[in-house]
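Visitor: Return atomic coordinates for the entry below.
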Amino acid sequence: RDDDDDDDDFAWHPLLEYGTSAAVEAIRLAVANARSEADLNPAFAAEHVSKASHAQMMTAVVEAAWRLSIVDIESTLRAATHKLLNDHSVDDAVLDKRAAALRLVAAVFDACAAASGHTESWQDQLARQIAANPPPPPPPDAT
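Guide: Next comes the predicted model:
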C-alpha cells in the first residue's frame, strides 16, 4: 500500500504505546515479510501486545512493591541510626566509635555489592523472567 507516513504512524501508535520494543520489532518484521494481506495474522499482533501489556503491568506492580520496601527500609535505618548516634546516655567517645562502626558496615556492604559483579537491574531481571515464562493463555470462550 502507498499510505502516507502520517497514516503509518497512526496505525503503529497503539503498538508503540503498549508494546515493548521487541514486540513492536517482531510485528514490524512480520508485516515486512508478509507476501500478502492474507499472511498478516491479527492474532500475532494481539499476542505480542498482550504479552507486552502483561509485562508492563507486572513490572509496575513489582516496582511499586520495591519502592514501598525501599521507603520502609530507609525509614527503619534512619530511625535506628538516629537512636544510635543521638544517645544522650553515653559520652562523645562512644558516639564516635558507633559512627566509625556504621561507616565500616557501609563499606562492607559497598564492597560486597561491587564484588558480586551483578550488573543487571531488577527491571531487566524481571523482564527476562517474564519473557521466559509467558502468561497462561486466556480461557476458552464460554459461548
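Visitor: rest of the way, CA atoms for contacts and neighbours
Guide: Noted.
Visitor: what is the mean pLDDT for the helix ranked longest in the chain?
Guide: Longest helix of the chain, by residue count under DSSP state H: helix 42-85. The average pLDDT within helix 42-85 is 80.
Visitor: For whatever helix or strand comes next after that helix, buried residues please.
Guide: Next helix or strand after helix 42-85 toward the C-terminus (DSSP states H and E): helix 92-116. Residues residue 95 are the ones in helix 92-116 that count as buried (16 or more other CA atoms under 10 Å).
Visitor: Helix 92-116 - contacts with which helices or strands?
Guide: For helix 92-116, the packing partners by 3 or more CA pairs under 8 Å, 6 or more residues apart in numbering; DSSP states H and E come out as helix 42-85.
Visitor: Output the contacting helices and strands for the helix it packs on.
Guide: helix 5-18, helix 21-33, helix 92-116, helix 122-132.
Visitor: sorry, back to before: the longest helix of the chain vs helix 122-132, what angle?
Guide: Here helix 42-85 points in a direction 150 degrees away from that of helix 122-132 (axes from the mean of the first three to the mean of the last three CA atoms, to 10 degrees).
Visitor: Number the chain from 67, please
Guide: Yes, from this point I'll number from 67; that puts the last item at helix 108-151.
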